[in-house]
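Q: Take a look and give me a structure for this.
(one chain, ligands or ions: 1)
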Amino acid sequence: MITFRRLTLLFFILLLSLNLLNIVPCNAACGFIHPPAPYVYAFLISLYLGISVAMAFLPCSNFHHPVICKGETEKKIVSITFDDGPDPIKTPGILDVLKKNNATATFFCIGHKLRGNEQILTRINEEGHLIGNHSFSHSKWFDFFPARKMSAELMETDRIIRDITGKSPLFFRPPFGVVNPMVSKALKHMPWKTVCWNIRSLDTMGSNQRKIMNHIIYHLKPGSIILMHDFTPFVENCLDELLVRIDEAGYEIAPLDILLNTSAYA
Ligand SMILES: [Zn+2]
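A: The predicted model follows:
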């Protein structure tokens with residue numbers, strides 16, 4: 001499996017080899033071996049940077065950091081996850097629908113949204129759902145933050161969740177699902193397990209709720225992790241029907257710790 005570390009190693013070996021061609025004396029006897037032209041370096045550097053950036057948007061490739069995107073099971077079990085909450089208006093409605101359908105989910109919460117919404121987090125916890133860490137700021141610049149600042153955000157969000165529920169989350173979901181070298185460095189030697197998804201509902205993008213529903217149902221597989229968001233019209237209007245259709249498709253909905261067979265809290 002190609003990883004950022006291996007690609008970097010390969011890249012520097014290539015650069016070193018090309019530089020050796022530059023310093024080795026050459027004459028007509030060299031045949032096809034010539035010092036490389038500058039555009040060769042430019043091409044290699046562009047390729048290296050291009051691959052590294054592109055793979056940051058493909059977290060399930062495990063290129064920059066180990067990421068869990070599905071459960072390893074043959075059983076028809078799936079997990080549903082909600083990002084970017086808690087939302088004072090929408091999240092209680094989600095909890096009502098989950099309760100009605102006897103389903104449990106995982107809520108990846110943003111630290112700054114927990115302030116003022118302590119009661120909602122308490123309810124999430126008390127009703128048997130799991131809580132994960134989704135950064136403190138969820139800033140659009142998060143992926144450009146230095147690793148130390150990222151770690152500080154995660155620890156601050158953990159602290160708030162711990163103050164409210166007494167539990168320290170072990171599941172972390174990176175904002176925007178981007179995993180780059182800074183995120184990987186921030187997570188190094190830390191307890192969090194990075195969890196993404198293998199069914200992106202696209203609930204934030206489309207207004208065609210029927211299409212979103214069919215997309216999710218069509219892609220269901222044993223071990224699937226479904227990404228949704230607390231605040232979208234799809235979740236508000238269609239969660240009840242989605243849970244029924246998942247059930248009709250023969251799938252059981254389980255919390256992430258059951259699906260992944262690992263602890264959700266330290
Ligand atoms: Zn998010």
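Q: Report the buried residues of stretch 135-146.
A: For stretch 135-146, burial by neighbour count (16 or more other C-beta atoms under 10 Å) applies to Ser135, Phe136, Ser137, His138, Phe142, Asp143, Phe145. Backbone N, C-alpha and C define where each C-beta goes, glycine included.
Q: now, which of the residues you listed lie within strands?
A: Using DSSP state E to define strands, no part of these is located there.
Q: Among those residues, which one sits closest to Leu259?
A: Of all the buried residues of stretch 135-146, Leu259 sits closest to Ser135, with 22.6 Å by C-beta to C-beta.
Q: elements contacting the host helix or strand of Leu14?
A: Per DSSP states H and E, Leu14 falls inside helix 4-23. Secondary-structure packing of helix 4-23 (3 or more C-beta pairs under 8 Å, 6 or more residues apart in numbering; DSSP states H and E): helix 38-56.
Q: So what's the gap between the helix it packs on and the chain middle?
A: The chain centroid and the centroid of helix 38-56 are separated by 24 Å under C-alpha atoms, centre = their mean, to the nearest Å.
Q: next one: stretch 144-154
A: 16 Å.
Q: mean confidence score for that stretch?
A: Mean pLDDT, stretch 144-154: 96.
Q: quick one on the thing from earlier: okay, buried residues for the helix holding Leu14 please.
A: By neighbour count on 16+ other C-beta under 10 Å, the buried set for helix 4-23 is Phe4, Leu7, Phe11.
Q: Could I get the full set of strands for this structure?
A: 77-85, 106-109, 130-133, 171-172, 193-194, 199-200, 225-229, 252-253.
Q: The fifth one - which strands sit beside it in the sheet, and in what orientation?
A: Same thing as strand 193-194. strand 171-172 (parallel) (DSSP bridges).
Q: again with the longest one
A: Paired strands of strand 77-85, with direction, are strand 106-109 (parallel), strand 225-229 (parallel), strand 252-253 (parallel) (DSSP bridges).
Q: near the ion at all, it?
A: Yes - Strand 77-85 is in contact with the ion by C-beta under 5 Å from the ion, via Asp83, Asp84.
Q: Off-centre distance for that strand?
A: For strand 77-85, the distance to the chain centre is 11 Å (C-alpha atoms, centre = their mean).
Q: Which residues are in contact with Arg162?
A: Arg162 sits next to Ser168 when contact means C-beta atoms under 8 Å, 6 or more residues apart in numbering.
Q: one step back: distance to the ion and pLDDT added to the buried residues of helix 4-23, as JSON lines?
A: Compiled in JSON lines, these are given as follows (distance: C-beta to the ion, whole Å; pLDDT from 0 to 100):
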{"residue": "Phe4", "distance to the ion": "23", "pLDDT": "90"}
{"residue": "Leu7", "distance to the ion": "27", "pLDDT": "90"}
{"residue": "Phe11", "distance to the ion": "31", "pLDDT": "89"}
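Q: tell me which of these is nearest to Glu153?
A: Nearest to Glu153 out of the buried residues of helix 4-23 is Phe4 (C-beta to C-beta; 21.8 Å).
Q: thinking again about what came up before, and the helix holding Leu14 with helix 38-56, angle?
A: If you take axes from the mean of the first three to the mean of the last three C-alpha atoms, to 10 degrees, helix 4-23 sits at 180 degrees to helix 38-56.
Q: interface residues of the protein facing the ion?
A: Asp83, Asp84.
Q: Tell me the predicted confidence for the spatially most central residue of the chain.
A: In the chain, the centroid-proximal residue (C-alpha atoms, centre = their mean) is Cys196; its distance is 3.3 Å. With respect to pLDDT, Cys196 scores 98.
Q: quick one: it and Pro59 touch, right?
A: Yes - taking C-beta atoms under 8 Å as the definition, Cys196 is a contact partner of Pro59 at 4.7 Å.
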